[in-house]
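> Build me a model:
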Amino acid sequence: MARSGRTRGSSMIEFLLVGIPLIFLLISTFEVARGMWSYHTLAYGVKEGTRYASVHGQTCGTSPNTCTVTVGDVVQKVLDSCSGLLSSQMNLTLVSGGGSTTCNPASSCVGNGTVWPAAPANALGNNIEIDATYPFQSAISMFWPGAGSGMQAAMVTFHASSQETMQN
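You can find the predicted model right below:
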């Protein structure tokens, strides 16, 4: 009987020593997974946009075909492939031999009717590239020891790039 009185607080101590680090580990695992998903989604969207543009080149727009694409079409393809990412936070740069077009944020170029890539950069064999950046805010840093009360979530900027050769 006397022994149970001395071990009363040991459950609380054990939880503090084991439970809190396990909760931190669980939150960290979810945050890392969310970061990986965000990066993979961004990279996939950029790759899909580059593929889409690479098959809509110079010969695609010759009569009777009318399949040339615009900056807005390519940006929309990227955004459609990046489901779950906010278009107002994504920045895109479309690069071809004829120059580059920057969409900062990506949603600002959705209605852009400029043909991309423009002639002669849309000729067979020319290279095109799409670069993208997207901020990722992780809540892990708010739980870090010594972070203080004024600490905000850390931000990492993901960068994805894809380059293709004009196929059509």
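
> could you point out the longest helix in the protein?
The longest helix of the chain (DSSP state H) is helix 20-54.

> Which other helices and strands does that helix contact?
Contacts defined by 3 or more Cβ pairs under 8 Å, 6 or more residues apart in numbering; DSSP states H and E place helix 20-54 against helix 71-81, strand 127-138, strand 154-165. For the C-beta atoms, the positions are set from N, CA and C on the backbone; glycine is no exception.

> What mean pLDDT does that helix get?
What helix 20-54 shows for mean pLDDT is 93.

> Could you check that helix and say which residues are buried?
Using 16 or more other Cβ atoms under 10 Å as the burial criterion, the residues of helix 20-54 that qualify are 31, 35, 38-39, 41-54.

> ok, now stretch 130-138?
By neighbour count on 16+ other Cβ under 10 Å, the buried set for stretch 130-138 is 130-134, 136, 138.

> Average pLDDT for it, rounded please.
Mean per-residue pLDDT for stretch 130-138: 94.

> Put the alpha carbons of it into PDB.
What follows is the C-alpha trace of stretch 130-138 in PDB, where atoms were taken according to Å, rounded to 0.1, in the frame of the first residue of the first chain:
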ATOM      1  CA  ILE A 130       9.400  26.600 -67.700                       C
ATOM      2  CA  ASP A 131      10.600  27.600 -64.300                       C
ATOM      3  CA  ALA A 132       8.400  27.800 -61.200                       C
ATOM      4  CA  THR A 133       8.800  28.800 -57.600                       C
ATOM      5  CA  TYR A 134       6.300  28.200 -54.800                       C
ATOM      6  CA  PRO A 135       6.600  29.100 -51.100                       C
ATOM      7  CA  PHE A 136       6.100  26.400 -48.500                       C
ATOM      8  CA  GLN A 137       5.400  27.300 -44.900                       C
ATOM      9  CA  SER A 138       6.100  24.700 -42.300                       C
END
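
> Many thanks, have a good one.
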